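Student: show me the folded form of this:
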Amino acid sequence: MLLTARLVEKAFKQCPILKFHETFSLVVKPTTIKIVLSIAIQNKCKIHQLIVNIAFFQVYVDDIIITRNYATLVTHVINSLAYKFYLKNLGELNYFLGIKVTHFPNGILLSQYKYILEII
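Tutor: Sure thing, here's the model as predicted:
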């Protein structure tokens, strides 16, 4: 079963109707995700997404993004990970941790529209 992370605020106040068992609070702050994506866009880097089945200290890790402005280096990192772990290359980042990522020539748009519709 593949679960996707969602950004959840005040998880202790969730109501059962919203399927709060299928969502969880991120360990990383949303601001950190925005900063990393902003730096990637400013440096005109491509952003790739992978699903990797690995566990670190009994924590399951599945969604990973890799960014670099040299495509050959990204390919090398992906191939190195694929040699050690089972992974699925999802290509350019489109959906990550419950956030839809839309690419434009001058930047990206981050949206949780789907999550908002589920709440309503």
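Student: could you list the low-pLDDT ranges of this protein?
Tutor: By pLDDT under 70, the low-scoring segments of the chain are 1-28, 50-63, 120.
Student: swap the cut-off to 50 and go again
Tutor: Within the chain, the stretches with pLDDT under 50 are 1-11, 56-59.
Student: tell me where it has strands.
Tutor: Secondary structure of the chain (DSSP state E): strands at 46-56, 59-68, 87-92, 95-96, 99-104, 107-111.
Student: next, format the ones you listed as a markdown table and append mean neighbour count and distance to Lys34.
Tutor: For every residue, glycine as well, the C-beta is placed using N, CA and C. Putting these into a markdown table (neighbours: other C-beta atoms under 10 Å; distance: least, C-beta to C-beta, whole Å) gives the following:
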| stretch | mean neighbour count | distance to Lys34 |
| --- | --- | --- |
| strand 46-56 | 15 | 13 |
| strand 59-68 | 15 | 12 |
| strand 87-92 | 13 | 18 |
| strand 95-96 | 16 | 12 |
| strand 99-104 | 14 | 10 |
| strand 107-111 | 13 | 7 |
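Student: so can I have CSV of those showing distance to Val74?
Tutor: Compiled in CSV, those are given as follows (distance: least, C-beta to C-beta, whole Å):
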stretch, distance to Val74
strand 46-56, 6
strand 59-68, 5
strand 87-92, 10
strand 95-96, 16
strand 99-104, 16
strand 107-111, 17
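Student: Arg68 is in contact with Cys45, isn't it?
Tutor: Yes. Arg68 lies in contact with Cys45 (C-beta atoms under 8 Å); the separation is 5.7 Å.
Student: before we move on, the earlier item: to Ala40, which of the strands of the chain lies closest?
Tutor: Ala40 lies closest to strand 59-68 among these, at 4.0 Å (C-beta to C-beta).
Student: and Lys44, its phi and psi?
Tutor: In terms of degrees, to the nearest 10, the main-chain angles of Lys44 are phi 50, psi 40.
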